[in-house]
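# What follows is a protein structure lacking sequence information:
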């Protein structure tokens, strides 16, 4: 009768590395987070409180996203982790290695191969699919916090959909600067009800959240909140009729892959002020270069006899 | 008072691989609530309490533990069901539907849906999740679903629920963002119905 094991017994432990339970968290914690996730999906944009655990990285390094990922990840998943669009930065490499060790899941840098994508502050350029889940790391889940420090008050504002304070803030931006100056973590309204902080993604990425085919999950570790946007859900960036929402635009294409209409990062090249703008999404840029696209800098390098990557 | 001992004579087996089965079972339920009305296969445990579809047993094993109260309707409540929940999940079984985080309904057509928790203004997540058993998802009243998670429309005809349920659902849906959420279970598959989704009869 080996199948008859009571709750909390050894049967609820399954280790990949011989040290930690599968995907690090214990089963009781995963169940608690899973129940919070289901309510988050049922109430799009509403921040569900959860019993956030200490993770073996510091707050600010994605503890919320990691707890969500640990609770959904299974042996059939392929994990991609990005930090500001790039797969090869410290945070992304560490989290990928963490789940590779504790859950044994294959990891990838290719957006198209991944089933779970944990992200810090970007949405990949390639359109995500229904069979993918994107998990955002969230530093500050409450969009109203900088305007109203009391949780008791912001909770009431959400309860009664009293979001005038944010509209006033955006209005004051316009009256002072002639435009809305928020460029990242730009507040959105989800399913025509809850105001939500999209985490500090550039507002360039806000339109991708609207009616995205993939499920979007958000985890804030320090603040202990989980929220979600189901697939095909209305997400509207706040604005005014006479000052409509406008994402960032870039005049020049990516210096390496010539991509237009993507989010670009500035890269400083020397101490004489030379710089270039390249894709923030490193996987997208690599794919385009592999397809033979060449930006002005890559062409220059090729003409000088360097490889496109050097 | 809960009885001290669990009736082992009626006990059915739980998941074969509790950690991995609970994970894939959870993903099926997460998918079901993310794509309302679509059918998702769920890894069923080898045995289930009397009258429970295997999918229902899987959902119970995945979601219930000592932190969640569970209500069983008269058809779902049996010695094997009580032993199953107490032994595998350790969840307290409550007699009043209004006290339950989760409800297991084998006869959802006769449930009094207005008694389930709908959450609070400031905490709409403090609401019940109803796990409803049925024969299939195709032979009942055809309904057309719209809402988040559905690109255009999604048709479904769950066998176990009729006019009474769908009238209760319309009331529930009108409460948004409050309301309970429903997971239908038939055979080894689940369908989700979160409170965001509107259901209208299919007009042919």
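Nice, I can see it. Note that the structure is a prediction, hence the values are computed from the model and not measured.
# need the longest helix for chain A.
In chain A, with assignment by DSSP state H, the single longest helix is helix A:27-42.
# Packing partners of that helix?
Using 3 or more Cβ pairs under 8 Å, 6 or more residues apart in numbering or on different chains; DSSP states H and E, the elements in contact with helix A:27-42 are strand A:48-49, helix A:63-72, strand A:215-220, strand A:225-229, helix B:18-34, helix B:54-63, strand B:181-186. Heads up, the C-betas are built off the backbone N, CA and C, glycines and all.
# TSV for the ones you listed, including mean neighbour count, distance to residue A:151 and mean pLDDT?
Shown next, in TSV, are the helices and strands packed on helix A:27-42 (neighbours: other Cβ atoms under 10 Å in any protein chain shown; distance: least, Cβ to Cβ, whole Å; pLDDT from 0 to 100):
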stretch	mean neighbour count	distance to residue A:151	mean pLDDT
strand A:48-49	20	10	98
helix A:63-72	27	17	98
strand A:215-220	28	13	98
strand A:225-229	29	11	98
helix B:18-34	24	27	97
helix B:54-63	27	28	98
strand B:181-186	27	25	98
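# can you redo those as a markdown table with distance to residue A:286?
A markdown table is the format used below for these (distance: least, Cβ to Cβ, whole Å):
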| stretch | distance to residue A:286 |
| --- | --- |
| strand A:48-49 | 36 |
| helix A:63-72 | 23 |
| strand A:215-220 | 24 |
| strand A:225-229 | 28 |
| helix B:18-34 | 30 |
| helix B:54-63 | 38 |
| strand B:181-186 | 41 |
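# Report the distance from the helix or strand where residue A:100 lies to the chain centre.
For residue A:100, the host element (DSSP states H and E) is helix A:90-102. Relative to the centre of its chain, helix A:90-102 is centred 16 Å away, using Cα atoms, centre = their mean, to the nearest Å.
# Out of the helices and strands packed on helix A:27-42, which is closest to residue A:57?
With Cβ to Cβ, the closest approach to residue A:57 among these belongs to helix A:63-72: 6.3 Å.
# same question for the helix or strand just after the closest one, mean pLDDT?
Next helix or strand after helix A:63-72 toward the C-terminus (DSSP H and E): strand A:79-83. Strand A:79-83 carries an average pLDDT of 97.
# now the angle from strand A:79-83 to helix A:90-102?
Interaxial angle, strand A:79-83 versus helix A:90-102 (axes from the mean of the first three to the mean of the last three Cα atoms, to 10 degrees): 160 degrees.
# Any chance you could list what contacts strand A:79-83?
Applying Cβ atoms under 8 Å, 6 or more residues apart in numbering or on different chains, the external contacts of strand A:79-83 come out as A:69, A:73, A:87, A:89-93, A:95-96, A:99-100, A:103, A:105-111, A:113-122, A:124, A:281-283.
# which among those residues are in contact with chain B?
For chain B, the contacts drawn from those by Cβ under 8 Å from any Cβ of the partner chain are residue A:73.
# In three-state terms, label residue A:208 for me.
Three-state assignment for residue A:208 (DSSP: H, G, I helix; E, B strand; the rest coil): helix.
# Next one: the closest residue to it other than its chain neighbours relative to chain B, how far apart?
Leaving aside its chain neighbours, residue A:208 sits nearest to residue A:123 (4.7 Å; criterion: Cβ to Cβ, 6 or more residues apart in numbering or on different chains). Separation of residue A:123 from chain B (Cβ to the nearest Cβ, to the nearest Å) stands at 17 Å.
# and what of residue A:157?
Distance, residue A:157 to chain B, using Cβ to the nearest Cβ: 10 Å.
# pLDDT value on the residue lying closest to that residue once chain neighbours are set aside, please?
Leaving aside its chain neighbours, residue A:157 sits nearest to residue A:144 (6.0 Å; criterion: Cβ to Cβ, 6+ apart). For residue A:144, the pLDDT comes out at 98.
# Can you give me the neighbour number for residue A:144?
By the measure other Cβ atoms under 10 Å in any protein chain shown, the count of residues near residue A:144 is 22.
# With residue A:164 instead?
Per other Cβ under 10 Å, the neighbour tally for residue A:164 reads 10.
# what separates the host helix or strand of residue A:172 from the chain centre, distance-wise?
According to DSSP H and E, residue A:172 maps onto helix A:164-177. Here helix A:164-177 shows a centroid-to-chain-centroid distance of 26 Å under the convention Cα atoms, centre = their mean.
# Also stretch A:192-211?
Here stretch A:192-211 is found 10 Å from its chain centre; the criterion is Cα atoms, centre = their mean.
# before we move on, what about stretch A:225-242?
Mean-position distance between stretch A:225-242 and its chain equals 14 Å (Cα atoms, centre = their mean).
# so how far is the first residue of it from its last?
34 Å (Cα to Cα, to the nearest Å).
# thinking again about what came up before, list the contacts for the residue nearest to residue A:157?
A:154, A:157, A:163, A:165-166, A:195.
# quick one: low-confidence parts of chain A?
Applying pLDDT under 70 to chain A flags the ranges A:1-11, A:307-310.
# Now do the end-to-end distance for stretch A:15-30.
Where stretch A:15-30 begins and where it ends lie 15 Å apart, using Cα to Cα.
# For the closest residue to residue B:21 other than its chain neighbours, the count of nearby residues, please.
Spatial nearest neighbour of residue B:21, excluding adjacent residues (Cβ to Cβ, 6+ apart): residue B:15 at 3.8 Å. Residues contacting residue B:15 under the criterion other Cβ under 10 Å number 24.
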